[in-house]
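Asker: dropping a prediction and its sequence here:
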Amino acid sequence: MLDMGLFFLSLFALVYGVGAYINPKNQPQGGLLPMLIMAVVAAVIFGYYNNWTKQKKGERRSGWIIGLSAFLLITLASFGSSALAQLKSPITNPMPWYGYAVVAVIAYGAHWLMKRQYNLKSVFTV
């Protein structure tokens, strides 16, 4: 799940960085910590869903319960990360576009190294 968290962190940092580069006046609201919270939540939900799909249909929980739980978790994490973004500290303030680019490169590099070192299968393949 750590490798998925790093992947989502790199993806979010890339999106934030491109947005900040294209429109520098409209900075993203959160810095590193709110982005990290959303990446962890995305990794947890995606990892649980991946394990859920591998279970036999008779042993699975209801898809509605899984979907609603994921929606609730994402909503709570969004409110929490938005509240953290209001705090003024170095890890919650927005970064310049190149700061997000550095975070994206480091996170994806760590993700790639973990996959290579531990022979982890990609969750995007069947």
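Answerer: Thanks, I have it.
Asker: report the buried residues of the helix or strand in which A43 is found.
Answerer: Applying DSSP states H and E as the criterion places A43 in helix 32-54. Using 16 or more other CB atoms under 10 Å as the test for burial, helix 32-54 gives 32-47. All C-beta atoms are positioned from the backbone trio N, CA, C, and that covers glycine.
Asker: and the gap between the most centrally placed residue in the chain and F7?
Answerer: Note on the chain: the residue nearest the mean C-alpha position is A39, at 1.9 Å, using CA atoms, centre = their mean. For A39, the distance to F7 equals 8 Å [CB to CB, to the nearest Å].
Asker: quick one: low-confidence parts of this structure?
Answerer: Within the chain, the ranges that satisfy pLDDT under 70 run 123-126.
Asker: residue ranges of the strands in this structure, please?
Answerer: Along the chain, no segments are classed as strands by DSSP state E.
Asker: show the contacting residues for M114.
Answerer: Neighbour list for M114: L2, D3, L6, L120 [criterion: CB atoms under 8 Å, 6 or more residues apart in numbering].
Asker: give me the contacts around the helix holding A43.
Answerer: 1-2, 4-9, 11-13, 16, 60-61, 66, 70, 73-74, 77-78, 80-82, 84-85, 91-92, 95, 103, 123.
Asker: which of those residues are buried?
Answerer: Counted by 16+ other CB under 10 Å, those give 4-9, 11-13, 16, 66, 70, 77, 81, 84-85, 92, 95, 103 as buried.
Asker: any idea how far the residue of the chain most remote from its centre is from I66?
Answerer: Farthest-out residue of the chain from its mean C-alpha position, per CA atoms, centre = their mean: G58, at 30.4 Å. Plainly put, G58 is 15 Å away from I66 if you go by CB to CB.
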